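Undergrad: Pasting the sequence and the predicted coordinates here, then a few questions.
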Number of protein chains: 2
Amino acid sequence: MIYLDNAATSNQKPYSVKKAVWNALSHPVNVGRNSGRESFLYAEKILGVRESIAQLLHIEYSENIVFTSNASHGLNLAIKGFLKPNDHVILTLYEHNSVLRQLYQKEKNPICFLPCYPDHRVNFEQMEQLILPNTALLVVNAASNVTGATVDYKKIYQKANQLGLTVLFDFSQAIGNIDIDLSECKRCMAVFSGHKSLLGPQGTGVLYVSPDIALSPVLEGGTGSLSNELFQPDFLPDQLEIGTLNVPGILGLGKGVEFVKANKPEALLHHKLELIQYTYDALQNMKHIKVYHNGDFQNSVGILSFNVSNAHSELIARILSEKYHISTRGGYHCAPFAHRELGTENQGAVRVSPGYKTTKKEMTKLLDAIYKIQKNSEY
Amino acid sequence: MIYLDNAATSNQKPYSVKKAVWNALSHPVNVGRNSGRESFLYAEKILGVRESIAQLLHIEYSENIVFTSNASHGLNLAIKGFLKPNDHVILTLYEHNSVLRQLYQKEKNPICFLPCYPDHRVNFEQMEQLILPNTALLVVNAASNVTGATVDYKKIYQKANQLGLTVLFDFSQAIGNIDIDLSECKRCMAVFSGHKSLLGPQGTGVLYVSPDIALSPVLEGGTGSLSNELFQPDFLPDQLEIGTLNVPGILGLGKGVEFVKANKPEALLHHKLELIQYTYDALQNMKHIKVYHNGDFQNSVGILSFNVSNAHSELIARILSEKYHISTRGGYHCAPFAHRELGTENQGAVRVSPGYKTTKKEMTKLLDAIYKIQKNSEY
């Protein structure tokens, strides 16, 4: 199989990630629920991962790093924990359903979307015009899981801070690909998954809450701290981390983060972007292919989406899998408004996302397959 | 280290559990977020675990098995998803903080506790007298994580069903130790963790919702289904499982469940109870020891809690760890009312919970250590 769906989950975890998980399964002890020395050693290891992620984000306090089971979980803790009834939310059309479904379900909160430029980039210039007296939160996907396009998150948080808005970044596709520096960011929350470009195991995610924000806990439960008390602790990370932690997953994620740091996000991304540029160039010469990108990969995380004529993307993705053993993702990528913006609301798109180990040869095989599919009208 | 804290997390996972996790990390593909054949194979494996757990509970529909990241997560989905404002809840004093903290935080819901008999067993005879016109839910911990005492869950759900109550069982300590048969249980929810006596990895848990109950989703997000829709799917398990699943964890849990089934919960428990009975008998002869059990281990999951004179349990647990390399859990076990019922609200208790591989020799070493501690007043 040629695996080109790293935007869904990275397929090639470093050996150190697998080894850390294996070790944690070999002599597991609960953290915060055991009085022995080994439990403290595990707690120290978990703290080490927290500190490593804090460093990755260039933030000072590791207790503001909250472990979650995935990005959706983190986005729920952030949005539901932050918003009060009638708080108005500004967001982009590129938000994931893990943001959208919350806000569409929670009818109490009015929302509005930032418009896009004709080339489908989000027009953040319009932010100020959209602010209402009750606007409390700006939600921004820092890198689209459909187009791979990134936004200038630093400029955005500076502007949001000036305007008095709290900002929530979805860094799920950005983390591990671009350097994320939140050291200057105030009134800021950041969410990402651990199993994409951070190369950790599925079942891991992170929520960062800047120290000037107090969230209400969305879930309550045992925290291993203040065990004799009936009230949820009001300090981080305990306030937002309920129940037994996914220790093997977190320690695996720690090794993924170390791998990414050692290899530098920019270098890992550079490799993927070279493959994407190569693919993009070749697709330009195929008659029946429509690519959803303007060709400027300076601001991209190495994702490319396309369609073959009017064929449904799911069909093409299945042919790629069944006939050519190439793994991609068709459909809507849990981003319904992104597809409406791109005009693909009835077709979805075939998404290609190489990993740090993907080779040019593999991309050539993809291109051969796409060429045949579109030429022979195999769909 | 002699590990006697299996009630917090089981320390000796079967090799098959570790191998399943390792394999899932070796070629990970996302489930429901990928159009390739391998994703369907993973989806089938996940379905297999769902079916295996449905069998374990003797229930018909595997889609009513919802994977959670731990028991606390499941208890939040159950309680918050079920209760409406002003619904009255009856519960036992043995509930975990993952139940209590929710209900104490959520001031909208009035609660009351079932009283206990003088020997500290819950008096379920009083259930009917506690029912108010707005009573909607009965929450029962089927096996105490402090005393190990089990309740007759079948009798309880029959009575609750007759009285028109919905019942939520916390089977975290019971599952894998006693046969849980929910085939006849109506209006029933069941929650348990995957990493205790089911021998799965930390980061796993299960919520079962009987088909006659419709929960409101507490969290919303991408489900991999209806990816182009803005509304949370209203069918199980998707409605309650948001974001990328912990695939390695769930596949590991599946192997743990298979191991437990193959070895029979009753047989696994029998071994632990023999060790507990042996320990209990020996502790009776030690002058400064108070054991929180009546000695009838017919209805127990193999947990024993004790104190040494008036010494704080955390101190004794630390001496056991540091001087004797024996791992237990002192403190309050996230069960504040259980300790008030036992009269240990200022002392907590040292909890001992052997595993399926614990030996009599290890328990003898524990007894030697306790003997020395209490005799020499080492605390």
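TA: Received the coordinates, thanks.
Undergrad: ok, now which ones touch A:Gly256?
TA: A:13-14, A:17, A:194, A:198-200 (CB atoms under 8 Å, 6 or more residues apart in numbering or on different chains). Just so you know, the C-beta spots here come from the backbone N, C-alpha and C atoms, and that holds for glycine as well.
Undergrad: Now with 6 Å, please.
TA: Going by CB atoms under 6 Å, 6 or more residues apart in numbering or on different chains, A:Gly256 touches A:17, A:198-200.
Undergrad: Can you pick out the most distant pair from those?
TA: A:Val17 and A:Leu198 (9.5 Å; CB to CB).
Undergrad: Quick check: of the contacts of A:Gly256, which lies closest to chain B?
TA: Using CB to the nearest CB, A:Val17 comes nearest to chain B of the contacts of A:Gly256, at 6.9 Å.
Undergrad: do the helix or strand of chain A with the lowest mean pLDDT and chain B meet?
TA: Taking mean pLDDT, DSSP states H and E as the measure, the helix or strand of chain A with the lowest value is helix A:97-105, at a mean of 93. Yes. Counting by CB under 6 Å from any CB of the partner chain, chain B has neighbours in helix A:97-105: A:97-98, A:100-102, A:104-105.
Undergrad: Enumerate the positions of the following helix or strand past that helix that are buried.
TA: Toward the C-terminus, helix A:97-105 is succeeded by strand A:111-113 as the next helix or strand (DSSP states H and E). Buried residues in strand A:111-113, counted by 16 or more other CB atoms under 10 Å in any protein chain shown: A:111, A:113.
Undergrad: Quick one: residues in contact with the helix or strand just after strand A:111-113.
TA: Once the chain leaves strand A:111-113, the next helix or strand it forms, by DSSP H and E, is helix A:127-130. Helix A:127-130 is touched from outside by A:90, A:112, with contacts defined as CB under 6 Å, 6+ apart.
Undergrad: name the helices or strands packed onto the very next helix or strand once past helix A:127-130?
TA: Downstream of helix A:127-130, the next assigned helix or strand under DSSP H and E is strand A:135-141. Identification of packing neighbours for strand A:135-141 by 3 or more CB pairs under 6 Å, 6 or more residues apart in numbering or on different chains; DSSP states H and E yields strand A:88-91, strand A:166-170.
Undergrad: is it possible to export those to CSV including mean neighbour count, distance to chain B and mean pLDDT?
TA: As requested, these are exported to CSV (neighbours: other CB atoms under 10 Å in any protein chain shown; distance: least, CB to the nearest CB, whole Å; pLDDT from 0 to 100):
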stretch, mean neighbour count, distance to chain B, mean pLDDT
strand A:88-91, 22, 12, 98
strand A:166-170, 26, 11, 98
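Undergrad: would CSV of those with distance to A:Ala349 be doable?
TA: Converted to CSV, the helices and strands packed on strand A:135-141 look like this (distance: least, CB to CB, whole Å):
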stretch, distance to A:Ala349
strand A:88-91, 21
strand A:166-170, 19
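Undergrad: how about those, which one is nearest B:Val151?
TA: Closest of those to B:Val151 is strand A:166-170, at 43.7 Å (criterion: CB to CB).
Undergrad: ok, back up a step: from the contact counts, what lies against the least confident helix or strand of chain A?
TA: Applying 3+ CB pairs under 6 Å, 6+ apart, we find helix A:97-105 packed against helix A:71-82.
Undergrad: could you give the angle of the helix it packs on to helix B:71-82?
TA: 60 degrees (axes from the mean of the first three to the mean of the last three CA atoms, to 10 degrees).
Undergrad: quick one: A:Lys261 is in a strand?
TA: No. Read with DSSP: H, G, I helix; E, B strand; the rest coil, A:Lys261 is helix and lies in no strand.
Undergrad: Quick check, pLDDT for it.
TA: The confidence metric pLDDT takes the value 98 at A:Lys261.
Undergrad: So what's the residue count around it?
TA: 13 (other CB atoms under 10 Å in any protein chain shown).
Undergrad: same thing with A:Leu275?
TA: A:Leu275 has 23 neighbours, counted by other CB under 10 Å.
Undergrad: Give me the phi and psi for it.
TA: phi -70, psi -40 (degrees, to the nearest 10).
Undergrad: Quote the end-to-end distance of stretch A:138-146.
TA: 20 Å (CA to CA, to the nearest Å).
Undergrad: Quick one: distance of it to the chain centre.
TA: Mean C-alpha position of stretch A:138-146 versus that of the full chain (CA atoms, centre = their mean, to the nearest Å) differs by 8 Å.
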